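Engineer: predicted model and sequence below, questions to follow.
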Amino acid sequence: DAKTTQPTSMDCAEGRAANLPCNHSTISGNEYVYWYRQIHSQGPQYIIHGLKNNETNEMASLIITEDRKSSTLILPHATLRDTAVYYCIVSGGGADGLTFGKGTHLIIQP
Amino acid sequence: EAGVAQSPRYKIIEKRQSVAFWCNPISGHATLYWYQQILGQGPKLLIQFQNNGVVDDSQLPKDRFSAERLKGVDSTLKIQPAKLEDSAVYLCASTSTGTAGYTFGSGTRLTVV
């Protein structure tokens, strides 16, 4: 079973920030939080990952709470092309496989 | 860099027939994964290779599924004989060592009729 809990679906207006929450209360000290997204008919795409510090790249920002039991993925200026299923996954990285849950279906509204 | 290549893109077969999928990972990526994604669900790991050795095949239905990565580069996943419930998208992914994210291919959509 996936070790994360995410809302089934969310809406966001185009141009606004999309904030996707994820709960991972059983995360262990050496596990990272990974985010992937899957646009219809494509394979999942890596977005970002972090251990305990907040991370930012050209796609998104990842905010991890101090107790590491939850995190938020932020897409700063959502566009229609950001409509996808977003998966939050905890993993030790490296040789550890990724266990996908059902993710959050994010719909960007024009 | 070139992405993860998969072929064919689509395949339709009758039940009890056999089928094979091919994957060429990103050059230099030692770890290769095959996932199965049934419509409406997240991808499920079938098998993981490290170079040409199997690391995890605990969720591979070994009575009908097989996979190989003989030279530690490209890989083949085979189903024989196929069942209706094998209809899914089969995704290949690869990663380098460490905690880097995976790169997925576009997948092969299999329909068993």
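Structural biologist: Arrived safely, thanks for sending. Residues are numbered from 1 along each chain as shown, chains lettered A, B, ... in the order given.
Engineer: do stretch B:31-43 and chain A meet?
Structural biologist: Yes - contact of stretch B:31-43 with chain A (CB under 8 Å from any CB of the partner chain) involves B:Thr31, B:Tyr33, B:Tyr35, B:Gln41, B:Gly42, B:Pro43. (Each C-beta comes from the backbone N, C-alpha and C, glycine too.)
Engineer: let me see the mean pLDDT of the strand or helix carrying B:Thr111.
Structural biologist: Assessed by DSSP states H and E, B:Thr111 sits inside strand B:108-112. Averaging pLDDT along strand B:108-112 gives 98.
Engineer: list the buried residues of it.
Structural biologist: B:Thr108, B:Arg109, B:Leu110, B:Val112 (16 or more other CB atoms under 10 Å in any protein chain shown).
Engineer: so what strands line up beside that strand?
Structural biologist: Counting by DSSP bridges, the strands paired with strand B:108-112 are strand B:10-13 (parallel), strand B:88-95 (antiparallel).
Engineer: near chain B, which residues of chain A show up?
Structural biologist: A:2, A:32, A:34, A:36, A:41-47, A:49, A:87, A:93-95, A:97-103.
Engineer: among these, which are located in strands?
Structural biologist: A:Tyr32, A:Tyr34, A:Tyr36, A:Gln45, A:Tyr46, A:Ile47, A:His49, A:Tyr87 (DSSP state E).
Engineer: closest one of those residues to chain B?
Structural biologist: Nearest to chain B among those is A:Tyr46, at 3.1 Å by CB to the nearest CB.
Engineer: and the closest residue to that closest one other than its chain neighbours, how many neighbours?
Structural biologist: Excluding the flanking residues, the one nearest A:Tyr46 by CB to CB, 6 or more residues apart in numbering or on different chains is B:Gly101, at 3.1 Å. Using other CB atoms under 10 Å in any protein chain shown, B:Gly101 is surrounded by 20 other residues.
Engineer: check B:Gly101 and give its pLDDT.
Structural biologist: We have a pLDDT of 87 for B:Gly101.
Engineer: next one: it from B:Val112, what distance?
Structural biologist: 31 Å (CB to CB, to the nearest Å).
Engineer: what segments of chain B are strands?
Structural biologist: With strands called from DSSP E, chain B shows them at B:5-7, B:10-13, B:19-24, B:31-37, B:44-50, B:53-56, B:65-68, B:75-79, B:88-95, B:103-104, B:108-112.
Engineer: now distance to A:Arg16 too, for these, in a markdown table please.
Structural biologist: Below are the strands of chain B laid out as a markdown table (distance: least, CB to CB, whole Å):
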| stretch | distance to A:Arg16 |
| --- | --- |
| strand B:5-7 | 35 |
| strand B:10-13 | 37 |
| strand B:19-24 | 38 |
| strand B:31-37 | 30 |
| strand B:44-50 | 33 |
| strand B:53-56 | 41 |
| strand B:65-68 | 44 |
| strand B:75-79 | 41 |
| strand B:88-95 | 31 |
| strand B:103-104 | 28 |
| strand B:108-112 | 34 |
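Engineer: my read: A:Ile107 touches A:Met10, true?
Structural biologist: Yes - here A:Ile107 reaches A:Met10: they are 7.3 Å apart, a contact under CB atoms under 8 Å.
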